[in-house]
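*Asks:* Quick one, fold the following:
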Amino acid sequence: PRRGRRGGGGGGGVGSNLAPLVSDTKSLLAFSHTRGLMTGRNPMSLVAASLIVAAGVRGVRLTCKQAADAARSTTETTRHMHCELREELLAFTHTFHWGEGATLKTLDEFLPSVVTHLAGVLHQRELERQQEQQQQQ
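*Replies:* Predicted structure coming up:
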């Protein structure tokens with residue numbers, strides 16, 4: 001079977017390759033957990049908010065309504081959680097020299113680097129956890 005992009009164009013839709021989107025979403029959810037965004041909340045609104053951010057990083061526009069519908073959450077709760085997630089991501093961005101000048105309005109320019117750094121930090125933590133478990137055995 002032939003596996004190419006239809007129409008010879010740039011593609012870029014969500015269906016073109018979900019693995020990076022899922023990976024980015026997982027990183028954002030793990031980050032959210034470490035920042036306390038999941039505590040006492042409906043986790044599906046955070047899933048929806050993370051999907052919006054991850055899709056944006058990958059060049060796909062996903063509205064709060066689309067994400068909320070997919071996650072079976074309300075649009076308003078998803079929008080609120082999206083704002084909170086962006087604020088936490090901005091605070092994280094400010095911890096890097098290259099992100100000191102970021103604002104909520106300019107955050108989208110920094111998000112690809114931020115999500116990449118998040119994935120790296122989370123991977124490193126997982127490796128350290130595995131090493132600790134091996135040493136305890």
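*Asks:* And for residue 50, nearest residue in space, chain neighbours not counted?
*Replies:* Computed as Cβ to Cβ, 6 or more residues apart in numbering, the closest residue to residue 50 that is not its neighbour in sequence is residue 28, at 4.0 Å. (Each C-beta comes from the backbone N, C-alpha and C, glycine too.)
*Asks:* any idea which helix or strand carries that neighbour?
*Replies:* helix 18-34 (DSSP states H and E).
*Asks:* do the same with residue 81
*Replies:* Using DSSP H and E, residue 81 maps to helix 75-93.
*Asks:* Could I get the contacting residues of residue 30?
*Replies:* Contacts for residue 30 (Cβ atoms under 8 Å, 6 or more residues apart in numbering) come out as 118, 122.
*Asks:* about what we covered before: what sits against the residue nearest to residue 50?
*Replies:* Taking Cβ under 8 Å, 6+ apart as the test, what residue 28 contacts is 50, 53, 54, 85, 115, 118.
*Asks:* Mind pulling up the pLDDT for it?
*Replies:* pLDDT, residue 28: 96.
*Asks:* helix/strand/coil for residue 51?
*Replies:* helix (DSSP: H, G, I helix; E, B strand; the rest coil).
*Asks:* go on, residue 39?
*Replies:* Residue 39 ends up coil, using three-state DSSP.
*Asks:* How many residues are close by it?
*Replies:* Close neighbours of residue 39, defined as other Cβ atoms under 10 Å, add up to 8.
*Asks:* And the pLDDT at it?
*Replies:* So residue 39 comes in at 82 (pLDDT).
*Asks:* Look up how far residue 116 lies from it.
*Replies:* 26 Å (Cβ to Cβ, to the nearest Å).
*Asks:* Please apply the same query to residue 30.
*Replies:* Taking Cβ to Cβ, one finds residue 30 at 14 Å from residue 116.
*Asks:* same thing with residue 52?
*Replies:* 18 Å.
*Asks:* The two: which is more packed in?
*Replies:* Neighbour comparison, residue 52 and residue 116: the larger count goes to residue 52, with 26 against 13 (by other Cβ under 10 Å).
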